[in-house]
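In: using only what follows, build the 3D model:
(2 chains)
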Amino acid sequence: MGAWLEYTINGLIVGNIYALLAVGLALIFGVSHLINFAHGSVYMIGAFVGWFCLTKLALPLPVAFAATIAACALLGVAIERIGLRPLQGAARIAPLLATIGISFVLDQLAQLVFGPDPRSVPAALPNWTVVIGGATIGSLDVLIALIGGGAACVLYAFLRYTRLGWAVRATAQDRDAAQQMGVDVNAVNRTVFAIACALGGLSGLLVGMYYNSIDPSMGFQATLKGVVALLIGGLGNVPGAIAGSLLLGLVESYGVAMFGTSYRDLFAFVLLLAFLVWRPNGLFSSNRRLPPEPLTGTFLSNRLTLKLPRPVLIVLVLAAFALPFVAPSPYVLQTLTNGWIYGLLALSLTLVAGTVGQISLGHAALLLIGAYASGLLSVDLGWSPAVTIPLAGAITAVLGTLLVYPSFRLRGHYVSIATLGIGEIVGLVVLNWDGLTRGPIGVSGIPPLSLFGWALDDARSAYWLTLTILVGFALVQVRLLHSHLGRTWRAIREDDVAARAYGIRPNRYKAMAFAFGGLAAGVAGAIAAHQYSYINYQTFDSQVSILALTMVILGGLGNVLGAIAGAVALIGLPELFRFAAEYRMLVYGIVLLLLVRFRPQGLFGTV
Amino acid sequence: MDHPAGDAPDILFDVRRVTRRFDGVTAVADVSFSVARGECVSVIGPNGAGKSTLFNLLSGADVPDEGVIRFDGEDVTGFAPERFASRGVARTFQHGRVFGNLSVLDNVLIGAHARLELARRGLPGVGAVAELLRALFAPPSVRREQQRLDAEARAILARFGSRLMPRIDSPAHSLSYANRRRVEIARALMLQPRILLLDEPTAGMNESETAEMLALLLELKGEGTTILLIEHKLELVMTLSDRVIVLDDGRKIASGAPDAVRNDPAVIEAYLGHRQVGHDASSQRAAVA
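Out: From the prediction side, this is the model:
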């Protein structure tokens, strides 16, 4: 009994910390309809600012809190200025992608400045505890509860009784009308970002004190948790976000008590999917709403895009095949083989995100499924890669489609969140299903590529095999795009209500796209498994998903040639310049930011 | 004026006591009417009378809270929009919903999706894979179907004269508002509709364009197409309709031949602003109280 009370208190404390994150996300979503994916990075920066004040400057705790709040509020203003304001006329998804880019940049900068190792945060608090009904409550617990409750009260008073608070609420209800009435909408956005990010940073510092550990990669999970809590409460609903956070904290705490720590995140994402499928409008809304009319004016111009005539393309493909004769360096060939593998992933994503308009943020999970399928079949059953690679493709197509099928009824931002959650779930299942996947140890000793008894273990033959498969998939995809499927997929992307009115079943066509994309990505993952010979649950994580999305946007959403060019450019160029791994992720983040801002149509134009 | 419920063989749409509420507002209240094959029926009424909501109910975009909708004798209440389409109900949207980044021709070809042999449903899963393979290998039957539909779509576009033909390969978002409305109607015709639901087809059109549209609609009517029309331009309604249904505040306040409806006192009151009068009166009462 005492233990359960302890879990409850623990859950509420963690929920309080999530609430500081989720309230900020809800405020931002309320005024700007943007899910700020950089929120976790702000939280991480807040933790580091607080740590710096406490350990390096030896400042007292209240000063450290004040410094964290000030620094993160400034950061929030900067995010609004870079990630939101310039993108107001752009596609709805653009600011979301921009905040993803910002979060990459912040995380990698922190990694470069502070190093990747975790650091401990001294909790400069009196060391007393009380025991209530068998549960211990420490001074930090009380502090967190006070800050959580206090922040909620201050926020309520601000929104309810101040002029600026009224302006925030007016903007949230109707941005255009508020602007007409003389509300400076940009100032409102700036204020909201400052408040939200200050709360997020505070949350980061408290978490650092609570677990006595901070590290530069702590932000991503925090973003996810905040988004889950936000969604449970209903997007943009501030009290809902608090309730969602407490619920999430409790579910996690009880889940960990029953099943163990490695399941903590799995519970969060299963809760996310359950809500997306059954109550996408959150706990407090059950309205059956009609979908809004599509936004006009989101058409990307295809001005100044590269157009390659067919003969040039044929020459380029032949040159790619002839390259091993000219440049037999295994390093170059391996890099390009990796580029072709990512090319297959990008082909898959450009179909799903570009042609069908389902911006998937969890596409790397397909690579992971393909890699594990082929790796396990060949290691455990001793089957030849010639059999396991196509089989892995088929398994990925079926499994991937079944996993996303429940989220087909979602739209826009919700699709992105759902795919992100599904991607995380796949990784966590791989981590926790020891019996099948060997858990955290991963699969090693995966045999090299071979085809009907011919070993393809040298760099050249692997290069040719992968390139052939890539060209094959690209040709098939181009052919499908020119059939009735091409226009049907694009019609669903443009306006699914009108598409359904003309007899198109969106689920069927989304499933076809995901199945074909799953096949390509599964084959890519399988080849990668045999190339790398060792895989684990982190081989293809959410960073790979975002990288794939950057490739696809670089090439032009929906553009087959663009996807391959984007993959080769983003895999090849960093190798060419021999960037260290941290700088590489930084470059990817900056590339994504610049693309969204200055060239949303990509190099070759959207299709 | 209404036809008797459902038993006449030539009744296409039969709507019985349909109601739809949104958060306490009753957008469509207890509305009944029917449309016979080959008839042109117009739905008129002030803004906010519930006309477009009614259309959403009749095409599956929305589901009524109460009431029954029958189409050609079959109970279709609560059907998904794609099932309405497969039964031959083609609709246009109030503000025009073309597929902006698709070419005019592709927009129209989408209209034939419900009757595409190439996209027949088949068994769950297997049917989709079969469709993918048919699209990939394009056997002669598929190619013949595509050529036939291509010719059909061009013939439909040709009905709009020089308005659309020169722009057949342009993306729909580059068209003028009036032309987008025309593309929508072309797309609806491509479905080979058994009934055409047109939601303000002449909105945003000037006088000569409206006259052009009227000529087209008369032509379609002459060919025997059943039309259910929402329209604000009364002249067009009076010329075209066999019967007129008047909605106000979600309720059917009158129906019948155009001339009879035009002179109905309830209709005149609805149009000439009993709302303002009533509103003033009630607010005065409130002030007194």
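
In: gap between the residue of the stretch 151-289 of chain B found nearest chain A and B:Glu209?
Out: The nearest approach of the stretch 151-289 of chain B to chain A comes at B:His173, 4.8 Å away (C-beta to the nearest C-beta). Heads up, the C-betas are built off the backbone N, CA and C, glycines and all. Counting by C-beta to C-beta, to the nearest Å, the gap between B:His173 and B:Glu209 amounts to 20 Å.

In: doesn't A:Asn507 lie inside a helix?
Out: Yes. Assessed with DSSP: H, G, I helix; E, B strand; the rest coil, A:Asn507 lies in a helix.

In: now it. Nearest residue, chain neighbours left out?
Out: Of all residues not flanking A:Asn507 in the chain, A:Phe408 sits nearest, at 4.8 Å (C-beta to C-beta, 6 or more residues apart in numbering or on different chains).

In: now do the nearest residue to B:Gly78 once chain neighbours are set aside against B:Val18, distance only.
Out: Counting by C-beta to C-beta, 6+ apart, B:Gly78 lies nearest to B:Val63, which is 5.1 Å off, once chain neighbours are set aside. Plainly put, B:Val63 is 10 Å away from B:Val18 if you go by C-beta to C-beta.

In: which one of the two has more residues nearby?
Out: Per other C-beta atoms under 10 Å in any protein chain shown, whichever of B:Val63 and B:Val18 has more neighbours is B:Val18, with 22 against 14.

In: can you list contacts of the helix or strand where that one lies?
Out: Here B:Val18 sits within strand B:11-22, counting by DSSP states H and E. Residues outside strand B:11-22 that contact it (C-beta atoms under 8 Å, 6 or more residues apart in numbering or on different chains): B:3, B:5-6, B:26-37, B:50, B:53-54, B:57-58, B:62, B:64-73, B:194-195, B:226, B:228.

In: what lines up beside the helix or strand that it is followed by in the sheet?
Out: Next in sequence after strand B:11-22, counting helices and strands by DSSP H and E, comes strand B:25-36. Next to strand B:25-36 in the sheet, as set by DSSP bridges, lie strand B:11-22 (antiparallel).

In: mind checking how far the nearest residue in space to A:Asn338 that is not next to it in sequence is from chain B?
Out: In this structure, A:Asn338 finds its nearest non-sequential neighbour in A:Ile571, 5.5 Å apart by C-beta to C-beta, 6+ apart. Using C-beta to the nearest C-beta, to the nearest Å, one gets 29 Å for the distance from A:Ile571 to chain B.

In: was I right about A:Ile571 contacting A:Tyr342?
Out: Yes. Using C-beta atoms under 8 Å, A:Ile571 is in contact with A:Tyr342, at 5.3 Å.

In: higher neighbour count, those two?
Out: Just comparing A:Ile571 and A:Tyr342: by other C-beta under 10 Å the higher neighbour count belongs to A:Tyr342, 26 against 22.

In: tell me where the model's unsure across chain A.
Out: Applying pLDDT under 70 to chain A flags the ranges A:1-2, A:123-124, A:133-134, A:285-304, A:581-582.

In: which residues in chain A form strands?
Out: Using DSSP state E, the strands of chain A run over A:129-132, A:135-138, A:443-444, A:450-451, A:454-455, A:534-535.

In: can you get me a residue count around the residue of the stretch 451-600 of chain A found nearest chain B?
Out: Using C-beta to the nearest C-beta, the closest approach of the stretch 451-600 of chain A to chain B is made by A:Gly503 at 2.8 Å. Using other C-beta under 10 Å, A:Gly503 has 24 other residues around it.

In: cool, and the one 10 residues further on?
Out: One way to gauge burial is a neighbour count; for A:Ala513, by other C-beta under 10 Å, it gives 24.

In: from chain B, how far out is the nearest residue to it once chain neighbours are set aside?
Out: With C-beta to C-beta, 6+ apart as the measure, A:Val356 is the residue that lies nearest to A:Ala513, at 4.7 Å, once sequence neighbours are left out. Going from A:Val356 to chain B by C-beta to the nearest C-beta gives 13 Å.

In: wait, isn't A:Val356 in contact with A:Met512?
Out: No. At 9.1 Å, A:Val356 does not count as touching A:Met512 under the criterion of C-beta under 8 Å.

In: output stretch A:168-186 as CSV, restricted to C-alpha atoms.
Out: Written as CSV, here are the backbone C-alpha positions of stretch A:168-186 (Å, rounded to 0.1, in the frame of the first residue of the first chain):
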residue,chain,number,x,y,z
VAL,A,168,-3.2,36.0,-26.2
ARG,A,169,-6.7,34.5,-25.8
ALA,A,170,-8.1,36.6,-28.6
THR,A,171,-5.3,35.5,-30.9
ALA,A,172,-5.9,31.9,-30.1
GLN,A,173,-9.6,32.2,-30.9
ASP,A,174,-9.3,34.1,-34.2
ARG,A,175,-6.0,35.4,-35.3
ASP,A,176,-7.3,37.5,-38.1
ALA,A,177,-10.0,39.1,-36.1
ALA,A,178,-7.6,39.9,-33.3
GLN,A,179,-5.3,41.6,-35.8
GLN,A,180,-8.1,43.6,-37.2
MET,A,181,-8.9,44.9,-33.7
GLY,A,182,-5.3,46.1,-33.3
VAL,A,183,-3.7,43.3,-31.5
ASP,A,184,-0.1,43.0,-32.4
VAL,A,185,-0.1,39.3,-33.2
ASN,A,186,3.6,39.1,-33.5
